[in-house]
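>>> build me a model:
(chains A and B)
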Amino acid sequence: MWENRCKVAVSGVGFSKVTRSAEVPLAAHALTAVKEAVADSGLEMFDIDGLATYPELPATGHAEVDGISIVSVNCMMAMLKLPDLTWHIQVGTTNIGGAVQQAVNALLAGVCRYAVVWRAMHNPRGTYQNLPGAHAQGAAQFTAPYGFGGPGQGMAVAYTRWLERHSQNREKMATLAVTQRRHAQHNPHAYFYGTPLSREDYLNSRMVAYPFCLFDCDIPVQGAVAIVLTTAERARDLKPRPAYLAGYGQRLHFEVAGRIGSLSNYMEGGSSSAKLTWERSGFAPKDVDVAQIYDGFSASVIYGL
Amino acid sequence: MSDWSKVTRPIPVPNEWTKPFWDAARRGVLELQRCQSCGYFQHPPYATCTQCVATDLKFEPVRGVGKIYAYTIMYHTGDKRFAAAVPYASIIVELADAPGALLAGNLLEAPYTEAKVGRRVEVVFEKLNDDITLPQFRLAAAAPA
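Modelled structure (predicted):
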């Protein structure tokens, strides 16, 4: 079991409004989320001394413009002008989970007291996967000429392999899509709050990249979420009941860029990182009441489970 | 059948590591990078062997027969270059001579509904221009006895 189990806690969360397209710059969404998270903790902004994020735009072929399509630590600091920022990081890989892990590590190392981590997502104008034109360079030279463009197709191939190797049918995924949407009806922050989805809606929806239909794919939106992390000791003095971090687990399954579709890598990645998390936290699947498994494409849940 | 006649495929841009693959394809041959130390075939090409880290890598010819490892059928017409061919099958092939090396391709000369995991395929070569010929795949005949 991890010696730092439950020594760090989430003390607040904040959400911006989530819109389909940019009505205000992304920086405004990120600022709202951060302000709400700090207020939710019962802290003042000047208490914050740690900042972390993963400033990546998941859409292909669009420029990264700070404040518009991404929100870097620089951008956040320009807005907040924190008087005593003692720690910050911007992770390039490992996604937002990596930024959270780094904040946890920084707090345990005692180099900051209250860290804010945000994720700001931009929906660019025009075609989301703005695929490059006449040439395919780098890793794409082995995939783009065959019509492999955005991440959907790369994830679709592994799902097809899983379905056929396990003699499953894609219609069963309706249960996940419908259940997730039903849960969204209890969350006023959710984009689809007020928009239910029926089994028939899922089964009748148009195919995008088989086996993915429309409702196997997430919807690009504009919005931001932020959390405040601090040590368990400090969290106990704050307003809300803390959410203690029992452990985290991360693995790397090396993949040469351009090598797509390896189902075994997804499965191994999911199970090995899960195993590490269970070992560190001292919990087991049977202890879990609520599971939020990444479902950018529905099949990702299989790898997480 | 998917109509490929109006598709404008993006042209691969070979680099130092990938040039031997494209030179061989232009000659109608499939060659993959092989580690001379441990014998592992890998694709796409890389600076080192991804199994044993050796840098003694050479391209060796492989037979263009294999199986469909995975596939997807594209229905979305968002990518204008490929919209005319929708629906079409984009496949991932594992070659018999190089287990672990996964090649992307399309399933040609067959309806997209014929794409199934495990189906045997064989390579065909599709000339794009004087510099680049694309390895592609079609269903293979039954295995010899």
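>>> got the domain boundaries for chain A?
Listed domain ranges for chain A are A:1-123+A:220-246, A:138-218+A:249-305 (source: automatic domain parsing).
>>> where exactly do the strands run in chain B?
With strands called from DSSP state E, chain B shows them at B:11-12, B:31-35, B:41-42, B:57-61, B:65-74, B:88-95, B:102-108, B:120-127, B:133-139.
>>> next one: chain A
Using DSSP E, strands in chain A cover A:8-15, A:50-53, A:87-90, A:114-121, A:135-136, A:207-210, A:212-213, A:223-231, A:243-245.
>>> mean pLDDT for these: which is lowest?
Averaging pLDDT over each of the strands of chain A singles out strand A:135-136 as the lowest, with a mean of 92.
>>> now residue B:47: how far from chain A?
10 Å (C-beta to the nearest C-beta, to the nearest Å). To be clear about C-beta, it is placed using only N, CA and C from the backbone, and glycine gets the same treatment.
>>> how many residues are close by that residue?
Residues lying near residue B:47 (other C-beta atoms under 10 Å in any protein chain shown) number 10.
>>> who are the contact partners of it?
The neighbours of residue B:47, taking C-beta atoms under 8 Å, 6 or more residues apart in numbering or on different chains as the test, are B:17, B:55.
>>> phi and psi next, for it.
phi -70, psi -30 (degrees, to the nearest 10).
>>> tell me the predicted confidence for it.
For residue B:47, the predicted pLDDT is 90.
>>> ditto for the one 5 residues further on
Residue B:52 carries a pLDDT value of 94.
>>> how many neighbours does the nearest residue to it once chain neighbours are set aside have?
In space, and not counting its chain neighbours, residue B:52 is closest to residue B:38: 4.3 Å by C-beta to C-beta, 6 or more residues apart in numbering or on different chains. Neighbours of residue B:38 under the rule other C-beta under 10 Å: 12.
>>> one more: residue A:248?
Neighbours of residue A:248 under the rule other C-beta under 10 Å: 18.
>>> with residue B:64 instead?
By other C-beta under 10 Å, the residues close to residue B:64 number 22.
>>> check contacts around it.
Residues near residue B:64 by C-beta under 8 Å, 6+ apart: B:30, B:95, B:122-123, B:135.
>>> separate out the buried members of those residues.
For these, a burial check counting by 16 or more other C-beta atoms under 10 Å in any protein chain shown picks out B:30, B:95, B:123, B:135.
>>> hmm, the first one is touching residue B:95, no?
Yes: under the contact definition of C-beta atoms under 8 Å, residue B:30 touches residue B:95, with a separation of 7.5 Å.
>>> next, show the common contact partners of the two.
Common neighbours of residue B:30 and residue B:95 (C-beta under 8 Å, 6+ apart) are B:62-64.
>>> so who does residue 1 touch?
In the absence of a named chain, this looks at chain A. Counting by C-beta under 8 Å, 6+ apart, residue A:1 touches A:279-282.
>>> right idea, wrong chain: chain B
Residue B:1 neighbours (C-beta under 8 Å, 6+ apart): B:110-111.
>>> ok, now how distant is it from chain A?
Counting by C-beta to the nearest C-beta, the separation of residue B:1 from chain A is 15 Å.
>>> what about that residue, distance to residue B:138?
Distance of residue B:1 to residue B:138, given as C-beta to C-beta, to the nearest Å: 12 Å.
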